[in-house]
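# the sequence and its predicted three-dimensional model are supplied below.
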Protein chains: 2
Amino acid sequence: MAVGRAAGGAPHDGVRARPHQGAPNRTAAGVKDVAAAAGVSLGTVSNVLNRPELVSPATRAKVEKAMESLGFVRNESARQLRAGSSRILAYLMLDAGNPFFTDVARGVEDAARAAGLSVFLCNSNEDAGREADYLDLLEQQRVQGVLITPVDPDSARLTTLPARGTPLVLVDRAVDDSEHCSVAVDDVLGGEVAISHLIELGHTRIAYVGGPNNIGQVVDRRSGAMRALERAGLPPDSLVNLVTGALTVAEGRGAGQRLAGLPQDRRPTAAFCANDLLALGLLQQCVSLGLRVPEDLAIVGYDDIEFAAAAAVPLTSVRQPRQLLGRTAAELLLDESSNPDHEHQRVTFTPELVVRTSTRGT
Amino acid sequence: MAVGRAAGGAPHDGVRARPHQGAPNRTAAGVKDVAAAAGVSLGTVSNVLNRPELVSPATRAKVEKAMESLGFVRNESARQLRAGSSRILAYLMLDAGNPFFTDVARGVEDAARAAGLSVFLCNSNEDAGREADYLDLLEQQRVQGVLITPVDPDSARLTTLPARGTPLVLVDRAVDDSEHCSVAVDDVLGGEVAISHLIELGHTRIAYVGGPNNIGQVVDRRSGAMRALERAGLPPDSLVNLVTGALTVAEGRGAGQRLAGLPQDRRPTAAFCANDLLALGLLQQCVSLGLRVPEDLAIVGYDDIEFAAAAAVPLTSVRQPRQLLGRTAAELLLDESSNPDHEHQRVTFTPELVVRTSTRGT
DNA sequence: GAGTGGTGCTGAAAGGTTTCAAGAAGTCTG
DNA sequence: CAGACTTCTTGAAACCTTTCAGCACCACTC
């Protein structure tokens, strides 16, 4: 058994074991037992559970008392097997550690709750294998529907699921097919807005920090950046690619290290990061290596997470309507799973640049 | 149907509807269909699924081909109903938006994955009602076990679940009973360490920012703070309580507003926050209202989340072994659910003070 | 060639719930 | 008071899988 270990290495008061009073674990009471205890039939118990209005108040009370005293807990597997429907939605997130996605999740939860459903969160952690495992699991569970911000938007699984009857809505990712609903923010536009802002401020050598390149958001935001350059008549190599292994603070620090290490005449004067986690890491590392932000390096992030405004230098960022994204996606999913005339839709929101000190200075 | 709305209010390209090719939705193929297609019996298909080594390679291949071509997806409800066991753990988090808990969740996931199980994340969002709903749901789902950071550690549900056969491990909360395993960090000690640090720096009027008071962590960290005062021979009213409604950045800002509004001779010279989210909000607000940190106000946070180091003024904080916490909890849960000789344990880790600019200055 | 052992497959039962057609008891209506 | 409704309750079937005792077959062994 694991033993208490201190954060700092020194052992603390550690483990205290106690006798385990032999698990009662008697097989749980079922509807049958409740029926017997209440002196009614099995069907009546089920009615109390599912259509209480059909049961006379007296009988209902009897049954409910029996349930209470037996500690009856309905077996959801059996219910779902027979009834054929689940009361659960799942949101398969790209990175649960990124506040952007937890904000989206909050929107999902609100919408689901309003419809009387519960939400299970799953975290693929930017790993295609985990994503695939979770999709298999969710399909086997026969959940009502799946919301997903995919690692790989071209995965075959994304089409087989809905083809076999599990509705699936793409979140923060638009796909140009007619297989799914999707809810997204225009990432190309977001990239364009960010870079245009930097160009207006006079920057002509700009780093794009993001990766890996199989993540759609990374690619789209870069193409928006390229579009902005083109529009401004700047050559494509004005954008210096700094490819990261993930969209995390740690990777941002790594990028900062690389950037600060460049000779000053080749170093970009501004950086646009594919998300705020990268931007915060980059910012922190650059500042600690002695670069001034924004004088030596202007930084633009993406997502405008709550921490962006509280950073060492408040971060200019591209804001997305996070909760609305989640709410809308959940609503589309609910429509798809319950409305026979459902039409797939692609909803696109517009991002908005929030300018702060990291580009504009004080 | 929801319509695309721009983050900034201006409509964008909005919705694009496409015809929905009449859902095939043919009732999914079951083992029976697979058996028929492969020309074997039902039991054999089940064996291929669960004990492939009992089936001859030739037959197995036939069956697998049939599964493939029929798009067979095992019905997990039926499996679980018959087999009686789930392959899922759940972690019911206090606040999915707090990076501390997502780090814990990562540790849980790693341990579960190593044991071949999957994890569903649920978010109570500091709401006792939601927490209760989720516990009901999870019990009905008959998950293998539940990890929980409870809103209310004294809730009756926390004892009925294990009494009825669903193992439950408390995370980040030690309870002094013999009903559960628990994994926690010594919050009293953490509070004491934080305040001792401030006292050493000469502070004698210190604010404690945290709430609501039904959250165990808030209470424990405060009693640690009181203990430190006592030890130093300072009167109890050296600690000024600033009660918040939740442990969030927004509430931290609110507290900052209140704090900065105090006349200078009554304003505390230091603040200890019940977590880093509060501390970051407090820091941001105070700085923007013109207070210098740490000169006018020293700040200590709690959790040492990744963003603490990247804050406007890098934050002194009390670090906890987050992933280890999750991993250990999951291991205890697995032991409880599979080892008949399981003994409940209470594992306690030691927190560690990480000193940064927000107290010590540059 | 009768017995022995092993391998691979079968078929029916079981698991806990919901559903539904039908029965029972009670209430009106004329 | 008969008939027509209502209102409740019942019991069996169905959902899809896993499990397990047992059967068929084959290859050996003495």
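Happy to help now that I have it. Numbers count the residues shown, from 1 in each chain, chains lettered A, B, ... in the order given.

# contact partners of stretch A:99-110?
A:89, A:91, A:93-96, A:119, A:121, A:147, A:149, A:171-172, A:275-276, A:303, A:305-307, A:320, A:322-330, B:96-97, B:99, B:102, B:123, B:125 (Cβ atoms under 8 Å, 6 or more residues apart in numbering or on different chains). To be clear about C-beta, it is placed using only N, CA and C from the backbone, and glycine gets the same treatment.

# the residue in the stretch 201-350 of chain A that DNA strand D sits nearest to: neighbour count?
Residue nearest to DNA strand D within the stretch 201-350 of chain A (Cβ to the nearest atom of the strand): A:Ser337, separated by 17.5 Å. By other Cβ atoms under 10 Å in any protein chain shown, the residues close to A:Ser337 number 19.

# might you list the low-confidence residue ranges for chain A?
A:1-27 (pLDDT under 70).

# now the strands for it?
A:14-18, A:88-93, A:118-123, A:145-148, A:168-171, A:181-185, A:206-210, A:239-243, A:270-273, A:298-303, A:316-319, A:344-349, A:352-354 (DSSP state E).

# would you mind giving those as TSV with mean neighbour count and distance to DNA strand C added?
Shown next, in TSV, are those (neighbours: other Cβ atoms under 10 Å in any protein chain shown; distance: least, Cβ to the nearest atom of the strand, whole Å):
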stretch	mean neighbour count	distance to DNA strand C
strand A:14-18	13	30
strand A:88-93	26	15
strand A:118-123	24	16
strand A:145-148	27	19
strand A:168-171	27	24
strand A:181-185	27	27
strand A:206-210	26	48
strand A:239-243	16	50
strand A:270-273	30	50
strand A:298-303	30	42
strand A:316-319	26	44
strand A:344-349	23	28
strand A:352-354	18	46
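
# now these in a markdown table, with distance to DNA strand D?
Formatted as a markdown table, those follow (distance: least, Cβ to the nearest atom of the strand, whole Å):
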| stretch | distance to DNA strand D |
| --- | --- |
| strand A:14-18 | 32 |
| strand A:88-93 | 18 |
| strand A:118-123 | 21 |
| strand A:145-148 | 19 |
| strand A:168-171 | 20 |
| strand A:181-185 | 26 |
| strand A:206-210 | 42 |
| strand A:239-243 | 44 |
| strand A:270-273 | 46 |
| strand A:298-303 | 41 |
| strand A:316-319 | 46 |
| strand A:344-349 | 26 |
| strand A:352-354 | 48 |
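
# how about the helices in the stretch 251-362 of chain A?
Secondary structure of the stretch 251-362 of chain A (DSSP state H, counting those that start in this stretch): helices located at A:276-288, A:322-338, A:357-360.

# hey, which of these is tucked in deepest?
With neighbours defined as mean count of other Cβ atoms under 10 Å in any protein chain shown, the helices of the stretch 251-362 of chain A peak in mean count at helix A:276-288, which reaches a mean of 27.

# chain center to that helix, what's the gap?
22 Å (Cα atoms, centre = their mean, to the nearest Å).

# tell me the helices and strands packed up against it.
strand A:206-210, helix A:249-261, strand A:270-273, strand A:298-303 (3 or more Cβ pairs under 8 Å, 6 or more residues apart in numbering or on different chains; DSSP states H and E).

# want to throw the strands of chain A into JSON lines with distance to B:Arg205?
Formatted as JSON lines, the strands of chain A follow (distance: least, Cβ to Cβ, whole Å):
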{"stretch": "strand A:14-18", "distance to B:Arg205": "37"}
{"stretch": "strand A:88-93", "distance to B:Arg205": "43"}
{"stretch": "strand A:118-123", "distance to B:Arg205": "42"}
{"stretch": "strand A:145-148", "distance to B:Arg205": "49"}
{"stretch": "strand A:168-171", "distance to B:Arg205": "48"}
{"stretch": "strand A:181-185", "distance to B:Arg205": "47"}
{"stretch": "strand A:206-210", "distance to B:Arg205": "44"}
{"stretch": "strand A:239-243", "distance to B:Arg205": "47"}
{"stretch": "strand A:270-273", "distance to B:Arg205": "41"}
{"stretch": "strand A:298-303", "distance to B:Arg205": "37"}
{"stretch": "strand A:316-319", "distance to B:Arg205": "37"}
{"stretch": "strand A:344-349", "distance to B:Arg205": "48"}
{"stretch": "strand A:352-354", "distance to B:Arg205": "37"}
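
# how about these in TSV, adding distance to chain B?
Formatted as TSV, the strands of chain A follow (distance: least, Cβ to the nearest Cβ, whole Å):
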stretch	distance to chain B
strand A:14-18	5
strand A:88-93	8
strand A:118-123	4
strand A:145-148	13
strand A:168-171	12
strand A:181-185	7
strand A:206-210	15
strand A:239-243	18
strand A:270-273	13
strand A:298-303	11
strand A:316-319	6
strand A:344-349	5
strand A:352-354	4
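
# now the helices: where do they sit in the stretch 1-150 of chain A?
Secondary structure of the stretch 1-150 of chain A (DSSP H, counting those that start in this stretch): helices at A:31-38, A:42-50, A:57-70, A:76-83, A:99-114, A:128-141.

# for DNA strand D, what is the nearest residue in chain A?
For chain A, Cβ to the nearest atom of the strand, closest residue to DNA strand D: A:Gly43, 2.5 Å.

# related to what we said a few turns ago, residue contacts, the residue of the stretch 201-350 of chain A closest to DNA strand D?
A:144-145, A:167.

# same thing with A:Asp33?
If you count contacts by Cβ under 8 Å, 6+ apart, then A:Asp33 has A:70, A:72 around it.

# gap between it and chain B?
Using Cβ to the nearest Cβ, to the nearest Å, A:Asp33 is found at 13 Å from chain B.

# how close does that residue sit to B:Asp176?
Distance of A:Asp33 to B:Asp176, computed by Cβ to Cβ, to the nearest Å: 34 Å.

# and for A:Arg253?
Taking Cβ to Cβ, one finds A:Arg253 at 41 Å from B:Asp176.

# looking at these two, which is more packed in?
The neighbour comparison of A:Arg253 against B:Asp176 (other Cβ under 10 Å) goes to A:Arg253, with 21 against 7.

# what's the burial count for the closest residue to A:Glu295 other than its chain neighbours?
Nearest residue to A:Glu295, sequence neighbours excluded (Cβ to Cβ, 6 or more residues apart in numbering or on different chains): A:Gly361, at 7.2 Å. Other residues lying near A:Gly361 total 13 when counted by other Cβ under 10 Å.

# what of A:Ser41?
Neighbour count of A:Ser41, defined by other Cβ under 10 Å: 13.

# again with A:Arg51
Neighbour tally, A:Arg51, other Cβ under 10 Å: 9.
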